[in-house]
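pasting the sequence and the predicted model now:
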Amino acid sequence: MRVGTGFDIHKLGKGRKLIIGGVTIPSECGEIAHSDGDVLLHAIIDAILGAYAAGDIGMLFPDTSKDTKDMDSAIMLRSVLSKLNAKLANIDSTVILENPKLSSYILEIRKNLAKLTNIPVENVSVKAKTAEGLGPIGERVAIAAGAVVLVEDN
């Protein structure tokens, strides 16, 4: 077994979609990023790469590449899982966002992550927290996510 951790943070801005775990959430603002900016998938990707000591998301999908411009983060996740022949046992994750509240979207996000990673939904945890009005997240100008994955060694 291998364990990896990942973290991602992005600015929020008008005119962008808010995508969390591959699910589009209705919101006035979304992630500002080179790709689609899905902080949760990015944190999970970094956690998987970390479990294999295989670098980070920026090494595989640089923000200077035209090929990765506006790329769907689910494509990145599938690519990493395939490249490493990774079999996840579970995911534990936290999204930190002041607004909108995510409670009504958590199950949909969990189901989508289970589908993307081919693990049972009961092995996927997604928690939503606020920053209690503190810092850029609390001021509603940023979103962050962290993830821990357990990977079965092949």
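Sure, I can see it.

following the helix or strand where I45 lies, which helix or strand shows up next?
According to DSSP states H and E, I45 maps onto helix 39-51. Sequence-wise, the next helix or strand downstream of helix 39-51 (DSSP H and E) is helix 57-60.

contacting residues around that following helix?
With contacts defined as C-beta atoms under 8 Å, 6 or more residues apart in numbering, helix 57-60 is touched by 8, 42, 45-46, 49, 76, 79-80. Where C-beta positions appear, they are placed from N, C-alpha and C, glycine not excepted.

which strands or helices does the helix holding I45 pack on?
strand 2-14, helix 57-60, helix 73-84, strand 87-96, helix 106-117, strand 142-152 (3 or more C-beta pairs under 8 Å, 6 or more residues apart in numbering; DSSP states H and E).

mean pLDDT lowest for which of those?
Comparing mean pLDDT across the helices and strands packed on helix 39-51, the weakest is helix 57-60, with a mean of 92.

wait, doesn't A114 sit right on S125?
No: contact criterion C-beta atoms under 8 Å: A114 and S125 do not qualify, at 10.9 Å.

ok, now which ones touch the residue nearest the centre of the chain?
Nearest to the geometric centre of the chain sits L40, at 1.7 Å (C-alpha atoms, centre = their mean). Applying C-beta under 8 Å, 6+ apart to L40 gives the contacts 8, 20-21, 93, 95, 109, 113, 126, 145, 147.
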